[in-house]
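> Based on what follows, work out the 3D shape:
(one chain, ligands or ions: 1)
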Amino acid sequence: MSVIEIKNLNKDYGNNKGIFDISFKIEKGEVFGFLGPNGAGKTTTIRHLLGFIIPPIDTCIIEGLDCSKDIAEIQKKIGYIPGEINLMENITGMQFIKFMAEYRGMKDLGRAEEIINRFDLNPHGKIKKMSKGMKQKVGLAVAFMHDPDVLILDEPTSGLDPLMQNKFVDLINEEKKRGKTILMSSHMFEEVEKTCNRVGIIRQGKMVSIDDIDALQNTKQKIYIITFKNIEDVHKFKNEQFSFRKIKDNVVEVIIKNEINELIRCLEKYNLISLDIVHQSLEEIFMQFYGGDCNV
Ligand SMILES: Nc1ncnc2c1ncn2[C@@H]1O[C@H](COP(=O)(O)OP(=O)(O)OP(=O)(O)O)[C@@H](O)[C@H]1O
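Below you'll find the model as predicted:
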């Protein structure tokens, strides 16, 4: 049985807004990245899993619990970071952490302290005076403090600086090794690339793809930047059967998907100044996927 399962989930807000027929499963020990441009439907999907929006019976299941009925149990059990952290403003970070520990019936705050130290948080200030990043760290402590088997993280690194983002990547990879199951929405390609086994892409409320991260890596194209010695060669080379990304003066960018042999053989005929390679990032692959018209 999958740890998290969503079956044909819909939430229609009207005007083509909402989520439509969303289905995916996450297996034990898997880190599943949930990606999509702003307004695609990530948070709406996630909120159904936590029972903040009540799904129809039997459409959202976490560890055998039904997200339409077993809401209190799910909220206690799961480690959750909401997309917009809204903490009680008039208490300190530590008071909030203790409040959540009590709600979960926890006595030992060791794990919360570990997260606090790890992310260099001073939890003793009032939440209303904390920066976005500090509030996010309180959210991390609350999500991880009861050592949950399932974590649902809606943009967990939003507001964190690059050093803290790296610490977060390390934490997720440790939890993955310990067999935890994690659903994580993100706009950060690098953290997805470094942590996730699979990536689901949602666009305009519809799931457009679910792929292994390795498979996505393999679809990477390589761009070769060729600098020709003279412009006549460029004019001649333009007629060769390659895909060109850009041609400017004596510099030509060629897109190669598979073998480079054909390009090398062809280039023997020309006078070159240099040949450089640019590796496509996962981000570029996604932009290609989104059609380049979305702000991811
Ligand atoms: N309560 C609501 N009433 C009406 N429309 C809503 C409501 N909540 C969300 N929407 C709309 O549903 C769509 C999906 O929103 P959602 O917050 O799930 O997107 P998201 O993928 O999490 O975006 P982001 O990356 O910006 O956080 C958006 O068009 C949003 O405006």
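> The residue nearest in space to the middle of the chain and the ligand: what is the separation?
Closest to where the C-alpha atoms of the chain average out (Cα atoms, centre = their mean) is residue 186, at 3.2 Å. With the distance defined as Cβ to the nearest ligand atom, to the nearest Å, residue 186 ends up 9 Å from the ligand. No exception for glycine: its C-beta is placed from N, CA and C like everyone else's.
> Does that residue touch residue 36 like I think?
No. Counting by Cβ atoms under 8 Å, residue 186 stays clear of residue 36, with 9.8 Å between them.
> OK, contacts around the residue nearest to the centre of the chain?
Counting by Cβ atoms under 8 Å, 6 or more residues apart in numbering, residue 186 makes contact with 33, 34, 35, 155, 156, 157, 192.
> and which of these is nearest to the ligand?
residue 155 (6.6 Å; Cβ to the nearest ligand atom).
> Could you report the neighbour count for the closest one?
21 (other Cβ atoms under 10 Å).
> now swap in residue 68 and tell me
16.
> give me phi/psi at it?
Backbone torsions for residue 68, taken as degrees, to the nearest 10, come to phi -90, psi -20.
> Make 56 the starting number, not 1.
Yep, numbering from 56; the last one is residue 123 now.
> mind checking pLDDT for the residue nearest to the centre of the chain?
The score at residue 241 is 89. That number is its pLDDT.
> Any idea what it is bridged to?
Following DSSP bridges, residue 241 is listed with bridge partners residue 90.
> now do residue 253
Beta-bridge partners, per DSSP bridges, of residue 253: residue 87, residue 267.
> do the one 4 residues further on as well
With DSSP bridges applied, the residues forming beta bridges to residue 257 are residue 262.
> these two touch, right, it and residue 97?
Yes. Here residue 257 reaches residue 97: they are 6.1 Å apart, a contact under Cβ under 8 Å.
> Quickly list what's touching both of these two.
Taking Cβ under 8 Å, 6+ apart as the contact rule, residue 257 and residue 97 both touch 89, 90, 91.
> which residues of the chain fall in strands?
All strands of the chain, identified by DSSP state E, fall at 59-69, 72-81, 86-90, 115-117, 120-121, 134-136, 205-209, 236-241, 253-258, 261-267, 277-283, 298-303, 306-311, 327-334.
> Give me the contact list for the longest one.
The contact list for strand 59-69, computed with Cβ under 8 Å, 6+ apart, reads 73-81, 87, 99-100, 103-104, 108, 110, 113-117, 205, 207, 236, 238.
> May I have the residues that are in contact with residue 282?
Contacts of residue 282 by Cβ under 8 Å, 6+ apart are 305, 306, 327, 328, 329, 330, 331.
> is it in a bridge, and if so with what?
Residues in beta-bridge contact with residue 282 (DSSP bridges): residue 306, residue 329.
> quick one: it and residue 290, what's the gap?
Distance, residue 282 to residue 290, using Cβ to Cβ, to the nearest Å: 15 Å.
> doesn't residue 250 make contact with residue 227?
Yes. Between residue 227 and residue 250 there is a contact under Cβ under 8 Å: 4.5 Å.
> Overlap of the contact sets of the two?
86, 237, 239.
> just checking, the last one touches residue 251?
Yes. Using Cβ under 8 Å, residue 239 is in contact with residue 251, at 7.1 Å.
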